[in-house]
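[1] fold the following for me, if possible:
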Amino acid sequence: MTVPDAYRPARADHSGAARDGGRGWAIRGTGAHLPRDVAHSADLSRSLGLEPDWIERRTGIRRRHVVAPGEAASDLAAAAARRALEAAGLDAADLGLIVLGTSTPDVIAPSTACRVQTMLGARRAAAFDISAACTGFVFGLQTAIGWLATQRGAPPYALVVGASRSSRGSRTSTPRSASVPSSTRSWAGT
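    Next up, the predicted model:
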């Protein structure tokens, strides 16, 4: 996310100076990534001794993407971030900030955002996590806008990522916990 408002096309300017005159910011590119493995709600319902459509009737969820063993939230976030950077026409070196919204960090410290920073090679970017569950991406956008409005001298682009690896902590032993979405989502905006 970044750039001057939609009324004037942005040019890549690596001087670090704000180019929008304080009018607003825009998302330049987005990216997404989902794990390859899929679990169907009907199969999960059957494994619990329920009718095949029990979970779908209550949640609307037919299938969910499930992370592979050893696949971390940072892996999902970095894949989405690469796609967002490509869509925006930016390189990791253009980033001054990485904000990652997640309630499923890889570890407590270092932050998952710092791991993504390393995976992308964004050496000049500040990086931190926001733990706010589903709203983490929205809070990340707001945080990035504030950072972009006040920074001078830093690379003028921010990357905001929302990543969830909730299937890692999902329990499928009871109908109530099994019906909670355990899909893995990752979004990025520059």
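[2] looks like residue 97 contacts residue 145 (just checking).
    No. With contact defined as CB atoms under 8 Å, residue 97 does not count as touching residue 145 (10.5 Å). Every C-beta, even on glycine, is put in place using the N, C-alpha and C of the backbone.
[3] give the pairing partners of the longest strand belonging to the chain; include direction for each.
    Using DSSP state E, we find that the single longest strand of the chain is strand 157-165. Sheet pairing for strand 157-165, assigned by DSSP bridges, gives strand 95-101 (parallel), strand 184-189 (antiparallel).
[4] for residue 55, which non-adjacent residue is spatially closest?
    Closest residue to residue 55 apart from its sequence neighbours, by CB to CB, 6 or more residues apart in numbering: residue 41 at 4.0 Å.
[5] OK, contacts around that neighbour?
    53, 55, 56, 59, 61, 62, 63, 64 (CB atoms under 8 Å, 6 or more residues apart in numbering).
[6] phi first, then psi, for it.
    phi -60, psi -40 (degrees, to the nearest 10).
[7] report the rounded mean pLDDT for the host helix or strand of residue 137.
    In the assignment (DSSP states H and E), residue 137 maps to helix 136-150. Helix 136-150 shows a mean pLDDT of 90.
[8] so which bits of it are buried?
    Residues of helix 136-150 classed as buried: 136, 137, 139, 140, 141, 143, 144, 145, 147, 148 (neighbour count, 16 or more other CB atoms under 10 Å).
[9] other SSEs contacting that helix?
    Here helix 136-150 touches strand 95-101, strand 126-130, strand 157-165, going by 3 or more CB pairs under 8 Å, 6 or more residues apart in numbering; DSSP states H and E.
[10] tell me which of those sits nearest to residue 48.
    strand 157-165 (22.4 Å; CB to CB).
[11] that closest one vs helix 136-150, what angle?
    170 degrees (axes from the mean of the first three to the mean of the last three CA atoms, to 10 degrees).
[12] not counting sequence-adjacent ones, nearest residue to the residue positioned nearest the centre of the chain?
    Nearest to the mean C-alpha position of the chain, counting by CA atoms, centre = their mean, stands residue 162 at 2.2 Å. Nearest non-adjacent residue to residue 162, counting by CB to CB, 6+ apart: residue 137, 3.3 Å away.
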